[in-house]
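> I'd like to go over a predicted model; first the sequence, then the structure.
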Amino acid sequence: MYMDKVPMNCNGKKILLIDDIVDSGSTLLAASQSLRDEGAQKINAFITHALGDPEIHFKKLSNVIDTLTITDSIASIGRNAFSNCRMVTMADVLYEEIFRIL
């Protein structure tokens, strides 16, 4: 993955990062650190499918990201272990979509 630094004014701003699939979390971590370096006041991240080991990767992310929201699309134990990390259930969304189709 290649990341180029784009000049931007993040000083004092609130940022929302959305990532569809996170494995190691390295791209999200690098983006968050760059935004912090540019003066972002608050960084929130939403991850649709989190593949990484929460004890290794999400601990690093929780040190840089203020609020980390992850769906339960992929089962994993321990993702609520960090105070700034929360799990959002996809059960209702899937139920409604399946019910709509049928």
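Nice, I can see it. What you see is a predicted model; the values in this text were computed from it and never measured.

> what does stretch 65-75 contact?
17, 28, 32, 42-51, 58, 61-62, 79, 82, 84-91 (C-beta atoms under 8 Å, 6 or more residues apart in numbering). Yep, even glycine has a C-beta here, placed from its N, CA and C like the rest.

> ok, the lowest-mean-pLDDT helix or strand in the chain: who's next to it in the sheet?
Within the chain, no helix or strand scores below strand 85-88, which has a mean of 80 by mean pLDDT, DSSP states H and E. Paired neighbours of strand 85-88 in the sheet (DSSP bridges): strand 67-71 (parallel).

> as a quick check, tell me the outermost residue of this structure.
Residue farthest from the centre of the chain, counting by C-alpha atoms, centre = their mean, is residue 102 at 32.3 Å.

> per-residue pLDDT, that one?
For residue 102, the model assigns a pLDDT of 82.

> returning to that earlier point: list the ones among the contacts of stretch 65-75 that fall in strands.
17, 42-50, 85-88 (DSSP state E).
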